[in-house]
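Undergrad: quick one, fold the following:
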Amino acid sequence: MKLTRRKLALVLTSGVALAQTPSTPPAIPDDLLQEARKRNQANAAALAGEQIPMATEPAFQFKV
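TA: Numbering: from 1, shown residues only. Now for the predicted structure:
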């Protein structure tokens, strides 16, 4: 059987792609999800209540 480089590459990459497919994530119980949402909302409310001076610089820089 004659196998060209392109066919060999196709066979190898398809096998690697199949081996790297992620499995389905585990199911998260509804009560844990609701608690996490409540914590996120509480944190967002706490952050929204803080006053930030206009002179405060962001923690990142735009570079071109």
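
Undergrad: C-alpha only now, for contacts and for neighbours.
TA: Noted.

Undergrad: so how far is Val11 from Leu3?
TA: Separation of Leu3 from Val11 (C-alpha to C-alpha, to the nearest Å): 10 Å.

Undergrad: low-confidence stretches in this structure?
TA: Low-confidence segments of the chain, defined by pLDDT under 70, span residues 1, 15-23.

Undergrad: so which residues of it form helices?
TA: Along the chain, the stretches classed as helices by DSSP state H are 5-19, 30-48.

Undergrad: residue contacts, Ile28?
TA: Residues touching Ile28, when contacts are defined by C-alpha atoms under 8 Å, 6 or more residues apart in numbering, are absent altogether.

Undergrad: phi and psi next, for it.
TA: Here the main-chain torsion angles of Ile28 (degrees, to the nearest 10) amount to phi -100, psi 130.

Undergrad: which one of Leu3 and Val11 is surrounded by more residues?
TA: It is Val11, of Leu3 and Val11, that has more neighbours when counted by other C-alpha atoms under 10 Å, with 11 against 8.

Undergrad: what's the distance between the more buried one and Lys2?
TA: Distance, Val11 to Lys2, by C-alpha to C-alpha: 14 Å.
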